[in-house]
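*Asks:* let me see the structure of the following:
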Amino acid sequence: MKQLTLPIIFSQNDSRWKNSPLGTRGTIGLYGCLENDATMVTNYYGFQETPLTLNEKLTNNAGYQDGNKFVWSVFARLFGLKYSGQWSNTGALTQAQMDQIRKAIDGGYPVFLQIDTIPATSALDEHWILAIGYEGDDFLIQDPWDGATKRITSWGVTAQKLIYAWCWFEGKPVKVEVADGCLVPNTPEWRTKYEQIVASATKWADTLKILEITDDPNATPTDKIKSTMAGYKSRETDLSNKLNDKQGLLDNANKEIENRTEQVSRLDGDLLEKDKYYKSLVDALNKQVKNGSDALPLAQARVGVLEGELDEANKAKGRALLEAQQNKSQLEACQKGTIAPTPQLILKLTIQYITNLVTKKGGENNG
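*Replies:* Okay, here's the model as predicted:
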């Protein structure tokens, strides 16, 4: 079997670019089969491209028509390749056409093949693949849909009935010399390492663009990149120092906030204690008011009783004074002989005398 070796394999459904726009319409995942084939061909001819970088170059250099239709001549011009022109056939390919494709592969050129992925339908379900080898009328192809290497007859139809168009680009394939201890080209280990290198280069180029250092890292002198990076480093150091100063101020502010918070906490404690003391005073006052309200009716009743007793005493006193005055008048009348003393009068005066004597004696003892 005749077979060409592609240095790296790409799939349009790779998560790194699957959802990226293809030109100005659609995405690489949906419509990027031909663009991924072209990316593999650029690497075959010694360029270092990914579906992302090639898509950007085609987009910026009129490499697409009507949004995302591949322009073969622009691709050839960008990479200095010779375009074979495109052949097509709506019917089954003739043996001469099959020989043409095999001859291109013999010349060392991967061949772009347009196939109908669902031959059973009348419509052309277009898909572009790369023919990299053959065995008789069966081609070994590289499928950009899933990155798999397979036979074209895996679609269940002969190559003559499956192929609708074909073309290729002539250039100088990259020669890879394998030294002792080096990875063998196109092996899984080699492809993994190659993809890592390409990915790193892509990230580096993207970084330089994001930092606005250059749009074309390959055409920019290393000294200029170093100088610009040094400027960014100096600015980063300056900003870092300013940030440290601001952090110091922030730390002091946080400390002051902590102190103020502690003071507020203490004031809250004092206020709580005073609130409790005030509440206890209010409770005691309310209790006293309540007790005073309960005792007032009793005191008022007692005062009424005492006032009644005092009134009775005053009345008794008045009667006693009147009676004493009468007795005195009767006694004086008896002494003058105006009236004759009767036994009742004598008894009455005697009792009055004894009473006055006892009252006087009691007053002297109290005195």
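
*Asks:* from memory A205 sits against L52, does it?
*Replies:* No - checked against C-beta atoms under 8 Å, the pair A205 and L52 is beyond contact range at 9.7 Å. Just so you know, the C-beta spots here come from the backbone N, C-alpha and C atoms, and that holds for glycine as well.

*Asks:* with neighbour numbers in mind, choose between those two.
*Replies:* For the pair A205 and L52, the greater number of neighbours falls to A205 (19 against 16), based on other C-beta atoms under 10 Å.

*Asks:* A helix includes the more buried one, no?
*Replies:* Yes - with the criterion set as DSSP: H, G, I helix; E, B strand; the rest coil, the secondary structure at A205 is a helix.

*Asks:* give me the distance between it and K242.
*Replies:* Distance check for A205 against K242: by C-beta to C-beta, to the nearest Å, it reads 31 Å.

*Asks:* helices of this structure, residue ranges please.
*Replies:* When secondary structure is read from DSSP state H, the chain shows helices at 28-31, 33-44, 51-60, 72-79, 95-106, 159-162, 188-210, 222-336, 343-366.

*Asks:* can you list those in a markdown table and add mean pLDDT?
*Replies:* Putting these into a markdown table (pLDDT from 0 to 100) gives the following:
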| stretch | mean pLDDT |
| --- | --- |
| helix 28-31 | 96 |
| helix 33-44 | 97 |
| helix 51-60 | 97 |
| helix 72-79 | 97 |
| helix 95-106 | 97 |
| helix 159-162 | 94 |
| helix 188-210 | 67 |
| helix 222-336 | 80 |
| helix 343-366 | 66 |
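
*Asks:* looking at the ones you listed, which is buried most?
*Replies:* With neighbours defined by mean count of other C-beta atoms under 10 Å, none of those is more surrounded on average than helix 33-44, at a mean of 24.

*Asks:* residues in contact with it?
*Replies:* 4, 6-12, 22, 28, 49-51, 54-55, 58, 70, 75, 79, 110, 112, 127-130, 142, 144-145, 169, 173-174 (C-beta atoms under 8 Å, 6 or more residues apart in numbering).

*Asks:* let's see which of those residues end up in strands.
*Replies:* Cross-referencing the contacts of helix 33-44 against strands under DSSP state E gives 70, 112, 127-130, 142, 169.

*Asks:* redo the helices of the chain as CSV? Include distance to S88.
*Replies:* Compiled in CSV, the helices of the chain are given as follows (distance: least, C-beta to C-beta, whole Å):
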stretch, distance to S88
helix 28-31, 20
helix 33-44, 14
helix 51-60, 22
helix 72-79, 13
helix 95-106, 10
helix 159-162, 13
helix 188-210, 32
helix 222-336, 47
helix 343-366, 154
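
*Asks:* and L140, how many neighbours?
*Replies:* The criterion is other C-beta under 10 Å. On that basis, L140 has 19 neighbouring residues.

*Asks:* show me what it is bridged to.
*Replies:* Residues in a beta bridge with L140, per DSSP bridges, are G133, R151.

*Asks:* can you pull the contacts of it?
*Replies:* By C-beta under 8 Å, 6+ apart, L140 lies in contact with 1, 3, 131-134, 149-152.

*Asks:* ok, now with 10 Å
*Replies:* The contact partners of L140, by C-beta atoms under 10 Å, 6 or more residues apart in numbering, come to 1-4, 105, 130-134, 149-152.

*Asks:* ok, of those, which come out buried?
*Replies:* 4, 105, 130-134, 152 (16 or more other C-beta atoms under 10 Å).
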